[in-house]
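Student: after the sequence you'll find the predicted model.
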Amino acid sequence: MRAVIYARVSSEKQADNGTSIPAQIKICKEYLARSGYSLYKTYIDEAKSALSTDRPAFQDMIEDAKKTPPPFNAIIIYSFSRFARNRLDSITYKLLLRKKGIKVISVTEPLEEDTPEGKLLEGIIEVINEFYSSNLARETFRGQRENATQGFWNGGVPPIGYKVLEIKNGEGKKKVLEIDEESENAVKEIYELFLKGYGLKKIAGMLNAKELKTNRGNSFSPSTVRGILKNEAYAGTLIWNKYDKKTRGKKYKDKKDWVKIDGRIPKIIDKKDFDIIQKMFEERKKVSPKSLGRTHTLSGLIKCGLCNSNYIYARRSKVRGDKKYETSYYVCGKKDRGSKKACPNIALKAPQIEDYIVNLLTNKLLSPENVKKIVYDMHKNYSDVREEVKNKSKSVRESIRRIDAKINNIYKAVENGFNQNLLEERLEELKIKKEDLLNEL
């Protein structure tokens with residue numbers, strides 16, 4: 001009899017609370033030694049919640065269990081809460097495992113799962129685990145909200161220009177944001193350049209030319225610069241619960257759910273300058289008439305041969321004397337978002353490359369031979385469609401003829417003394433059918 005061990009912790013705090021991964025594995029191995037199972041494999045998930053089954057090691061274990069025959073007969077866990085805290089997930093996966101002849105055994109909650117009492121107790125434990133997890137999430141949220149209201153940092157990567165400082169708070173410790181002298185100048189430079197009229201792409205390119213990085217170690221892009229210019233933290237405002245975790249931070253929550261506290265973070269940017277920039281963004285929301293209805297022939301069709309990014313359409317304006325000149329071209333998207341160092345590939349002037357591609361397609365696709373073939377295929381297709389329509393029309397007319405015959409038979413039946421009321425419904429049905437067929441002609 002072979003068994004596997006599944007161990008899981010959802011946080012560092014839990015790992016330090018007596019249920020660490022090594023502690024779980026040690027207790028499970030002691031059970032194996034007593035029960036006569038041999039260890040086939042150990043699956044470990046760290047920093048993964050049991051409210052979801054989106055756990056790599058857990059899914060690997062389930063995939064192995066689906067094999068025919070399965071390579072193990074039992075899954076040994078420290079407690080049922082390690083397997084799943086979601087009741088539906090627990091039932092679903094245990095049913096799947098049971099069909100494969102695999103038991104789920106909790107070392108600290110021994111049950112006779114084949115007895116009615118064991119199944120009842122197992123269900124009660126799973127419901128309690130789900131309640132505990134849901135209640136813990138609610139209490140954690142309340143604690144974090146209160147923490148943010150008092151101006152403390154709830155975790156995560158701080159905005160560029162700041163670093164996390166741990167301070168003493170009563171008997172425990174709390175985290176706050178303080179200015180990072182090594183990176184605050186980059187933030188100040190971004191704001192100063194934008195106020196001077198520099199665009200997002202230009203600013204990103206200038207920062208990347210200096211080989212500066214974000215707090216996540218990435219290069220600057222126009223969207224990164226825009227995010228910094230719109231982040232109220234730099235004007236001293238702490239915002240928490242802004243992003244929806246279910247979308248992995250890609251979408252904002254409703255503003256009424258945000259916790260927003262002014263003056264809780266040391267300012268890098270003056271509030272007046274921040275407000276001026278927000279008004280500038282509002283003005284830029286107005287749609288430029290130049291881009292209305294503008295189509296770009298090769299958008300999304302050109303790939304960079306060096307970095308495989310899409311080439312995108314761009315336009316630049318230059319003023320010389322009293323005249324304004326516009327240049328349109330296609331450029332590597334990666335280069336356009338960053339600097340020349342991001343990708344050294346060249347830009348392509350839009351009129352020339354568009355004319356070249358159109359001429360190439362015209363010469364290749366619309367050659368005399370191809371035109372003849374296209375005309376032949378279209379004519380053949382037209383003939384086929386015409387024949388199909390003709391056959392269908394013939395079939396429809398035949399159906400109408402049969403319906404007319406049935407209607408005449410009903411009229412004759414009425415004339416011969418059949419009950420008119422009994423035949424009226426059938427007559428109406430045939431008339432509707434005939435009308436539908438006439439519409440198809």
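Tutor: The structure has been received and is ready for your questions. These numbers come from a predicted model, not from an experiment. Numbering: from 1, shown residues only.
Student: with adjacent residues omitted, what lies nearest to C304?
Tutor: C332 (4.3 Å; Cβ to Cβ, 6 or more residues apart in numbering). For every residue, glycine as well, the C-beta is placed using N, CA and C.
Student: show me what contacts the one you found?
Tutor: 304, 306-307, 309, 311, 343, 345, 347 (Cβ atoms under 8 Å, 6 or more residues apart in numbering).
Student: 7 Å instead?
Tutor: When contacts are counted by Cβ atoms under 7 Å, 6 or more residues apart in numbering, C332 touches 304, 307, 309, 311, 343, 345.
Student: can you say which of the residues you listed are buried?
Tutor: Among the contacts of C332, the ones that count as buried by 16 or more other Cβ atoms under 10 Å are 304, 309, 311, 343, 345.
Student: mind checking the SS state of the last one?
Tutor: Secondary structure state of N345, per DSSP: H, G, I helix; E, B strand; the rest coil, is coil.
Student: per-residue pLDDT, it?
Tutor: Note on N345: pLDDT of 86.
Student: just the first one next, same as before
Tutor: In this model, C304 is scored at 90, pLDDT.
Student: list the contacts for it?
Tutor: 311, 332, 343, 345.
Student: now the residues you listed as TSV including distance to Y382?
Tutor: Output for the contacts of C304, formatted as TSV (distance: Cβ to Cβ, whole Å):
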residue	distance to Y382
Y311	39
C332	45
C343	49
N345	46
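Student: and those, which two are the farthest apart?
Tutor: Between any two of the contacts of C304, the greatest separation by Cβ to Cβ is 10.5 Å, found for Y311 and C343.
Student: direction included, what does the helix or strand harbouring I105 pair up with?
Tutor: Under the criterion of DSSP states H and E, I105 resides in strand 103-106. Strand 103-106 pairs in its sheet with strand 74-77 (parallel), by DSSP bridges.
Student: output the contacting helices and strands for the next helix or strand after the strand it pairs with.
Tutor: For strand 74-77, the following helix or strand on the C-terminal side (DSSP H and E) is helix 80-83. Identification of packing neighbours for helix 80-83 by 3 or more Cβ pairs under 7 Å, 6 or more residues apart in numbering; DSSP states H and E yields strand 2-9, helix 116-149.
Student: rank the ones you listed by pLDDT, which is bottom?
Tutor: For the helices and strands packed on helix 80-83, mean pLDDT drops lowest on helix 116-149, to a mean of 70.
Student: tell me how far the nearest residue to T297 once chain neighbours are set aside lies from K213.
Tutor: Sequence neighbours aside, E354 is the residue nearest to T297 in space, at 4.7 Å (criterion: Cβ to Cβ, 6+ apart). Applying Cβ to Cβ, to the nearest Å, the value for E354 to K213 is 37 Å.
Student: before we move on, back to that, which of the contacts of C304 lies closest to V157?
Tutor: C343 (26.1 Å).
Student: hey, where'd the helices end up in the stretch 301-441 of the chain?
Tutor: Taking DSSP state H, counting those that start in this stretch as the test, the helices found in the stretch 301-441 of the chain are 333-337, 350-365, 368-415, 420-440.
Student: off-centre distance for the third one?
Tutor: Computed by Cα atoms, centre = their mean, to the nearest Å, the separation of helix 368-415 from the middle of its chain amounts to 49 Å.
Student: also the shortest one?
Tutor: Its chain's C-alpha centre and that of helix 333-337 lie 23 Å apart, by Cα atoms, centre = their mean.
Student: just the mean pLDDT for that helix, thanks.
Tutor: For helix 333-337, mean pLDDT rounds to 74.
Student: now stretch 358-372
Tutor: 82.
Student: any idea how far Y252 lies from E181?
Tutor: 31 Å.
Student: of those two, who's got more company?
Tutor: Taking other Cβ atoms under 10 Å, Y252 and E181 do not tie; Y252 has more neighbours (12 against 9).
Student: okay, and the beta partners of that one?
Tutor: Beta-bridge pairing for Y252 (DSSP bridges): Y243.
Student: my read: it touches Y243, true?
Tutor: Yes: counting by Cβ atoms under 7 Å, Y252 touches Y243, with 6.3 Å between them.
Student: re the thing from before, make JSON lines from the helices of the stretch 301-441 of the chain and add mean neighbour count and distance to K188 to it.
Tutor: Below are these laid out as JSON lines (neighbours: other Cβ atoms under 10 Å; distance: least, Cβ to Cβ, whole Å):
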{"stretch": "helix 333-337", "mean neighbour count": "22", "distance to K188": "22"}
{"stretch": "helix 350-365", "mean neighbour count": "12", "distance to K188": "37"}
{"stretch": "helix 368-415", "mean neighbour count": "11", "distance to K188": "61"}
{"stretch": "helix 420-440", "mean neighbour count": "12", "distance to K188": "73"}
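Student: dump the ones you listed into TSV; add distance to V104 as well.
Tutor: Compiled in TSV, the helices of the stretch 301-441 of the chain are given as follows (distance: least, Cβ to Cβ, whole Å):
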stretch	distance to V104
helix 333-337	49
helix 350-365	61
helix 368-415	61
helix 420-440	59
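Student: closest to P158 out of these?
Tutor: Among the helices of the stretch 301-441 of the chain, helix 333-337 sits nearest to P158 (Cβ to Cβ), with 23.5 Å.
Student: what pLDDT does N17 get?
Tutor: 54.
Student: likewise for S291?
Tutor: For S291, the predicted pLDDT is 47.
Student: please apply the same query to M1.
Tutor: For M1, pLDDT reads 90.
Student: over to the one 10 residues further on?
Tutor: The model reports S11 with a pLDDT of 68.
Student: do G263 as well
Tutor: 84.
Student: and for I276?
Tutor: 94.
Student: check K318 too.
Tutor: Predicted confidence (pLDDT) for K318: 66.
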